[in-house]
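>>> No sequence on hand, only this structure:
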Ligand SMILES: O=C(CO)[C@H](O)[C@H](O)COP(=O)(O)O
């Protein structure tokens, strides 16, 4: 799986931690689209970079990080084809894959500590979409963006 990851200044340390976690998965490659310093940036710009990688097929899924995860998830969800899930624990991370087929995991660097983030990422990259009734609902979500 090709993963793209990005953050603003509110989640720089969490991004570096998540990249370390992802090194344990030999079948996952990670592209980091920034930001790379503590200088202030605008999270919608990072969201666009992450989503462009996914919608162009250069990445399968993404991890989007800002201070709370809220802004960057809102921005990602403006992009057609993106289902960004702002998750706060292992349960929501798992459900975002099983029920929502989320292709972007959003987390807050000022909210989630490294321990929970480790488990959330480990679960999220491996969990599969269950399909069935959930597929019908996800399809309806995707139809909304075409209205
Ligand atoms: O969480 C965020 C958006 O939802 C941002 O990371 C946060 O607003 C950035 O704040 P600051 O400019 O003070 O670093």
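Noted; the coordinates are in hand. None of these values were measured; they are calculated from a predicted model.

>>> if you average pLDDT over stretch 18-27, what comes out?
For stretch 18-27, the mean pLDDT works out to 98.

>>> neighbouring contacts of it?
With contacts defined as Cβ atoms under 8 Å, 6 or more residues apart in numbering, stretch 18-27 is touched by 1, 3, 5, 28, 30, 32, 63, 65, 117-118, 121-122, 125. Placement of C-beta: from N, CA and C, glycine included.

>>> what does stretch 125-132 give?
1, 3, 22, 25, 28, 61, 93-94, 97-99, 101, 135, 138.

>>> can you redo those residues as TSV with distance to the ligand?
Formatted as TSV, those follow (distance: Cβ to the nearest ligand atom, whole Å):
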residue	distance to the ligand
1	26
3	21
22	21
25	26
28	25
61	21
93	18
94	23
97	23
98	26
99	24
101	23
135	30
138	25
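
>>> Return the residues of this structure in contact with the ligand.
8-10, 40, 43, 66-68, 70-71 (Cβ under 6 Å from any ligand atom).

>>> 5 Å - rerun?
8, 10, 66-68, 70-71 (Cβ under 5 Å from any ligand atom).

>>> who wins for most neighbours among the residues you listed?
residue 66 (31 neighbours; other Cβ atoms under 10 Å).

>>> okay but that residue is in contact with residue 15, surely?
No: applying Cβ atoms under 8 Å as the test, residue 66 and residue 15 come out as separate, 10.1 Å apart.

>>> anything in contact with each of these two?
Contacts common to residue 66 and residue 15, judged by Cβ under 8 Å, 6+ apart, are 7, 109.

>>> Quick one: neighbours of the closest residue in space to residue 28 that isn't next to it in sequence, just the number.
With sequence-adjacent residues excluded and distances taken as Cβ to Cβ, 6 or more residues apart in numbering, residue 28 is closest to residue 1, at 5.1 Å. Using other Cβ under 10 Å, residue 1 has 13 neighbouring residues.

>>> ditto for residue 12
Count around residue 12 with other Cβ under 10 Å applied: 18.
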